[in-house]
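1. just the structure for this:
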Amino acid sequence: MLLATGCIGQREAPTATPTAATAPSVSVPSAEPSAEPSATPEPVATPVPTAEPPTETPIPPASGAPAASGQPGSATACTGTAANQDFFAKVAAAFDWPVYCAVLPARWSVASGSYRSAGGGRMEIAYNGPGGARFELHEGAFCDLPEGCVPNGPDAGTAAFGDLSGTLVTGDDGSYAVVVDRGKARSWLAVGVGLDLEVFKGFAADLSLVE
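-> Sure, this is the predicted structure:
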């Protein structure tokens, strides 16, 4: 930058060359500026939190050998590890509706499970058995559909769900189900895949109420 001295109105103003001590530093761009203006970065949308944060609690991962069977009416009767049984005890303590767990023979184990307190509360758990068989429980406010979220298929009379009486459904895909209070705000559903009908009915009837 050059400094000009002199009076306003003079036809020519002598210029002075600044000395090294007084010359201001000037940053020189490393490249010529683009002919087109740079695009202004678009603002990033900030996610809006939902009105109710998720409160779903998964079942602890299975570890070690299955726990020994306990007395009916307590979580220690439930198939699975001590951590699985503690999961059922917490679910039963959290909700004011009956909670049931499966009491299954050897070679059956907990595959996954979780519970959620929102909307009246729900609990869902799945067990894996030999030969790819599967047994599932869905309890509480897990379904808001009139058909009760049961497998598609005709009703086939009544069947036990623990100490409750439910409707037996034979699924078009070969599965079986027992549903209690289908379509209501709170209901209970057992589903069996890869099981003989009588075996499935026995599993559903042997469900243990956790207190």
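2. which pLDDT value does the model give the nearest residue to F95 once chain neighbours are set aside?
-> For F95, ignoring the flanking residues on the chain, the nearest one in space by C-beta to C-beta, 6 or more residues apart in numbering is G121 at 4.4 Å. Using the backbone N, CA and C atoms, a C-beta is placed for each residue, glycine as well. What the model reports as pLDDT for G121 is 95.
3. residues near G121, how many?
-> 20 (other C-beta atoms under 10 Å).
4. how close does it get to L168?
-> Using C-beta to C-beta, to the nearest Å, G121 is found at 26 Å from L168.
5. then S208?
-> 20 Å.
6. check F161 too.
-> Distance from F161 to L168, by C-beta to C-beta: 10 Å.
7. please apply the same query to V199.
-> On the measure of C-beta to C-beta, V199 and L168 end up 13 Å apart.
8. the two: which is more packed in?
-> For V199 and L168, the more surrounded residue by other C-beta under 10 Å is L168, and the numbers stand at 22 against 16.
9. tell me the bridge partners for the more buried one.
-> L168 has these beta-bridge partners by DSSP bridges: V178.
10. residue contacts, it?
-> Residues near L168 by C-beta atoms under 8 Å, 6 or more residues apart in numbering: 155-159, 176-178, 201.
11. repeat the analysis, applying 7 Å as the threshold.
-> The contact partners of L168, taken as C-beta atoms under 7 Å, 6 or more residues apart in numbering, are 155-159, 178.
12. ok, back up a step: what sits in contact with each of F161 and L168?
-> V178.
13. the spatially closest residue to A205 that is not a sequence neighbour in helix, strand or coil?
-> Leaving aside its sequence neighbours, A205 sits nearest to A160 (C-beta to C-beta, 6+ apart; 3.9 Å). Going by DSSP: H, G, I helix; E, B strand; the rest coil, the secondary structure assigned to A160 is strand.
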